[in-house]
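**Student:** sequence unknown, structure follows:
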C-alpha cells in the first residue's frame, strides 16, 4: 500500500528554496541562527532539529504558496505555533521550512448566539478568552500552557476541563486546512452536527501536522457558568481519592474539573506555590460550574462522598483570586517538580485508561516508581482516566536517564494493556512512535495509507507520528 | 490523485463467487428472490439495487473471509443492518454481495464502572437498552428507528437526545473494522480520550460502508438519570418556540431532548397518535434529565422562558407511560404524515444549521413550502439546529415529485449557504452526493483520496457518498 517515498531535496535545492522564501517574504522569513534554534524544539524535549529557514505567513494563500514551493522541491515543512509541544512535534528533524503561524493571530468572527467563533491558527487560548470576556462566553479547553488553537487542534489537546467540556476533538466544528500540495480546503460546517461525508475535521484534529496545515479553526464556545466554585480535598490514600471521582462520575455529577495530585506532587507544589494550608497528602482539586442550586447540589454530593472516604474536609475557594491561585499551582507542576530536585531533568508520561482501571493503573505505576528509586510526582485529569508522572532524573548520573525512560515506557505499555492509550493528550510526536505501533499494530497500516494519500511526497512534518 | 478504478467482476465471475459463498456458508447464504429484494433497499427510498447474494456472517473472521473473496474477485460489497437507512445506503446498485450483519448481535461486554460496552454490529439500540435495564445504565442515542449500532455508526446517527448526549461521533470509543481486503483492525481504545495517532475511529464513523465493515463497536454508556420529566408546550408561532430553545441553550440549560413540531405536523400527529389534548399549533416536546433539584430548576427556567414567549403553559408527563406516548407520537411522524395524505409518497430533508440561523432557515423554508403548494410537515431536533420536512407528493400527479424534489433541494442548499450542512444525521447515501459536492467542493477531493487509499479496488459500497 505504501510505495517508497522520494528522497527530500538535496542541499543545493534546499539552499535555493530558502533563498527564494527570503526574497519572497522579506523580513517575514529568516535564517538567523537564534530564530532557527528557537524553532528547533518544543518544551521539555532534548531532541531537536534545526530548520533551514523560518517563515511567518499572514494569510491562508501565503501558507498555500509556501506549501506548493516546498512540495515541488520535496522540502520538509513543519508547522510551528507557541512551541509548547511536549513530544518533539515541532522539531525540524529532517531540516526544511519551519512555518510559524503565530502572526496569523486574528479572531475572525465570534457569534454569541450560535456559541461559536472562527480564529486563525496562531490565536492562543488565553488571547481568545480575553477577547470573549464581556460577552458572557468562554472557551474551556485548557491544557495549561498558553498554546495556539492551531497547535491544540493539531495535537488533539484537552487538559483540566475535558471531563466536562471534552477535548479539541469535540470543540472543533470545522477547519480551514492547507494541504501539502497547497490546496486550501474547508472541512466541517458551523452546524452542531453533520453526517455529510467522511469526517475530515476529525481526521485533521490530532494529525500533528503530518497531513497539512491547520490555518483556521471554527470552535464551539460555551456560556460563562453563572456560578463557579473550586474546592480542595485531601485524602489518607490515593485509592480513596480516585474512588470518589469514579463514584461521582457514575452518579452523573457534572464535575467541571477534577485533578488528582499525589503526596509527592503536593509536597512539590506546597513548596513551589506556597500552598501552606495543605498537607503533603493525596489531594483532589475540583471545580463546579452551573446555576447556584446545581452547584450547591454537586458540592453536597461530593462532600458526602469525600466524607465517606475519609477526606479531610473540603476547602472552598469561591473568590476568583483563590481559584486562580489553586489552578496556577496545578498548572505549574512542571516547574514545581524541577524546583523540587534542582539539576534534574524530567520525562513526562501521559497514560489514559478506562476509569474502571484507573485505580489499578495508578497503584501498579506507583509500585514501579517505588522500585525504580526515582522521584516521580503524579498529577492527573482523573475524571478522564488520564494522569501524568513527572519522572525526575539526574542527567549526570550514570544510567539514571535510562531508568527514567524504562519507567515511562512501562507506564505507557500498562495503559495499553488495560484497554487505554499511551497518550491521552500530548500526542505521539517523535517519542511515542513505537508506543503507537504497540497500541495500534493494525491501525498504523491504515494511518500510513491515509497519510500517504494526502501527503504523496511525505513532506509534511516527516518523522513524526508515523515515521515516514 | 485518483487513478481510474478497475471494472467490477463480470457476470461469470459474479456467478462463481456467489456459488462459492453459497457452498461455504450453507443456510447462511442465499440467492432467494424475496431475500435479495428485502436487501435491495432501506426505508423511504424508491431507488433500489438487487444484490447477487446475501450472506450472514457470524464472526469477524467470516466477514474478513467474505471481504477477501470479494476484493480478489472485484465484487461489490454492501454492509446491511436493520435496513432503516433513509438515503439508499444499503441498495446494491452495482449488484454484489449484501453482507447482513444482523446475526452478529451479541452484547460482548458491559462495564458499569467504566460506563462502556462492546457490542457486535448487529445489536440494535433497543436490544442494548433492554440488556442494560437493571444495571442503572442506558444508551441515549435515539434516531427513532430501532437501527443496529453498526448501522448507526456507519451513518453517524443521532436523533432526539443529541442536544445532551451527542451523536455516534461522540459515543463511539473504538471500533473493530474489517477492511475491504479482509484485514481486521481495532481502532480507538476504551479510554475516554486519546491523542494516539490519526483518528481512525472518527474516520469510520459516518463512512457509510465505503471504507470497510463495522464489525464491533465500543460504546460509551450513561447512568440512568435520577429524574426524567417530559413536557409539551404550544406556541402562537414557530419563531417564539425556536426562540426559547435558543435562549435556554445560551443559558446552559442541559435539555435532554427538545423537539419542534410545526402546526401541520401537530395536525398530523393529533390525528394519527390521538393527542387530542393538544391544538394544531407549533409545539415543543422537551425532556429533562437529572437530579430532582436540577430538573426542577430546568423546568422553572423553561416555564419562565415559555411564558415570556406566549407559550400556552407546559403540560407535564412525569409518568413513564405518558412520556412513552409523547415520544412514540414524535417517532411516528413519518407514519402520521403518510396517513395525513393517503396515497402520497414522502421525501425527507435533513438540514442542520448553526442555531443562530435556525429561525431564518425555518422561516425561509416554510415560505418555500407555501409557494410550492405541497404539504410538508416540519419536525426537528431544534437544539442541534436540525430539522426535517416530510414533503408529501402524489406520485400519480404530473410533476408533483419534481416539485417535491426541488423543494427538498432548496432546503439543503439553504442550509449550506447559512453555514450548515445538507444532512445532520441521515447521511449522503445515493441521493445527496451532489449536495455533498456543493457543501465540500474541496473536501470531496480529500475524501476520495482517503477512500481510494483504504479501498484500492473500489469494492466497498460503490456508488454511495463519493460516487466511485
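**Tutor:** Structure received. On a predicted model such as this, the values are computed, not experimentally measured, just so you know.
**Student:** state the number of residues packed around the closest residue to residue A:223 other than its chain neighbours.
**Tutor:** The shortest distance from residue A:223 to any residue that is not its chain neighbour, by Cβ to Cβ, 6 or more residues apart in numbering or on different chains, is 4.9 Å, and that residue is residue B:252. In short, each C-beta sits where N, CA and C put it, glycine included. Around residue B:252 sit 17 other residues, with neighbours defined as other Cβ atoms under 10 Å in any protein chain shown.
**Student:** in stretch A:288-299, what's buried?
**Tutor:** Taking 16 or more other Cβ atoms under 10 Å in any protein chain shown as the neighbour-count basis, stretch A:288-299 is seen to contain the buried residues A:288, A:289, A:290, A:291, A:293, A:294, A:295, A:297, A:298, A:299.
**Student:** quick one: residues contacting the first one.
**Tutor:** Read it as residue A:288. Neighbouring residues of residue A:288 by Cβ atoms under 8 Å, 6 or more residues apart in numbering or on different chains: A:227, A:228, A:229, A:230, A:231, A:255, A:256, A:295, A:298, A:299, A:302.
**Student:** now it: phi and psi?
**Tutor:** Backbone dihedrals for residue A:288, given as degrees, to the nearest 10, come out at phi -120, psi 140.
**Student:** run through the stretch 1-150 of chain A and note the low-pLDDT ranges.
**Tutor:** A:1-6, A:44-46 (pLDDT under 70).
**Student:** in strands, which of the buried residues of stretch A:288-299 fall?
**Tutor:** Judged by DSSP state E, the subset of the buried residues of stretch A:288-299 located in strands is A:288, A:289, A:290.
**Student:** using CSV, lay out the buried residues of stretch A:288-299 together with pLDDT.
**Tutor:** Formatted as CSV, these follow (pLDDT from 0 to 100):
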residue, pLDDT
A:288, 94
A:289, 94
A:290, 90
A:291, 88
A:293, 87
A:294, 88
A:295, 91
A:297, 90
A:298, 91
A:299, 91
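**Student:** and the helices in the stretch 201-350 of chain A?
**Tutor:** For the stretch 201-350 of chain A, helices defined by DSSP state H, counting those that start in this stretch occupy the ranges A:238-250, A:263-273, A:292-308, A:320-331, A:333-340.
**Student:** what sits against the spatially most central residue of chain A?
**Tutor:** Note on chain A: the residue nearest the mean C-alpha position is residue A:157, at 3.6 Å, using Cα atoms, centre = their mean. Residue A:157 sits next to A:141, A:143, A:147, A:151, A:167, A:168, A:425, B:195 when contact means Cβ under 8 Å, 6+ apart.
**Student:** please redo it, this time with the cut-off set to 6 Å
**Tutor:** A:143, A:168, A:425 (Cβ atoms under 6 Å, 6 or more residues apart in numbering or on different chains).
**Student:** and residue A:71, by the same measure?
**Tutor:** In this structure, residue A:71 makes contact with A:180, A:181, A:457, A:459, judged by Cβ under 6 Å, 6+ apart.
**Student:** does the third one belong to a helix, a strand or coil?
**Tutor:** Following DSSP: H, G, I helix; E, B strand; the rest coil, we place residue A:457 in the coil state.
**Student:** I'd like to know how many residues surround it.
**Tutor:** Neighbour count of residue A:457, defined by other Cβ under 10 Å: 19.
**Student:** how much space separates it from residue A:37?
**Tutor:** Residue A:457 is 27 Å from residue A:37, where distance means Cβ to Cβ, to the nearest Å.
**Student:** likewise the second one?
**Tutor:** Note on residue A:181: its distance to residue A:37, by Cβ to Cβ, is 29 Å.
**Student:** the two: which is more packed in?
**Tutor:** Per other Cβ under 10 Å, whichever of residue A:181 and residue A:37 has more neighbours is residue A:181, with 19 against 12.
**Student:** what's the pLDDT at the more buried one?
**Tutor:** pLDDT, residue A:181: 98.
**Student:** how would you label it: helix, strand or coil?
**Tutor:** Reduced to three states with three-state DSSP, the structure at residue A:181 is coil.
**Student:** ok, and the closest non-adjacent residue to it?
**Tutor:** residue A:71 (4.6 Å).
**Student:** would you mark the buried spots in the helix or strand that contains that neighbour?
**Tutor:** When secondary structure is defined by DSSP states H and E, residue A:71 falls within helix A:60-73. By neighbour count on 16+ other Cβ under 10 Å, the buried set for helix A:60-73 is A:60, A:62, A:63, A:64, A:65, A:66, A:67, A:68, A:69, A:70, A:71, A:73.
**Student:** got the contact list for stretch A:397-404?
**Tutor:** Taking contacts as Cβ under 6 Å, 6+ apart, the residues outside stretch A:397-404 that touch it are A:347, A:372, A:374, A:391, A:393, A:394.
**Student:** please, which helix or strand holds the closest residue to the first one other than its chain neighbours?
**Tutor:** Spelled out, it's residue A:347. Counting by Cβ to Cβ, 6+ apart, residue A:347 lies nearest to residue A:391, which is 4.6 Å off, once chain neighbours are set aside. Using DSSP H and E, residue A:391 maps to strand A:386-393.
**Student:** and the helices of the stretch 201-350 of chain A, which one is worst for confidence?
**Tutor:** Per-stretch averages of pLDDT across the helices of the stretch 201-350 of chain A put helix A:320-331 at the bottom, with a mean of 85.
**Student:** buried residues in that one?
**Tutor:** For helix A:320-331, burial by neighbour count (16+ other Cβ under 10 Å) applies to A:323, A:325, A:326, A:327, A:329, A:330, A:331.
**Student:** contacting residues for the third one?
**Tutor:** Okay, so that is residue A:326. A:230, A:285, A:317.
**Student:** pick the one among these closest to residue A:96.
**Tutor:** Closest to residue A:96 out of the contacts of residue A:326 is residue A:285 (41.4 Å), distances taken as Cβ to Cβ.
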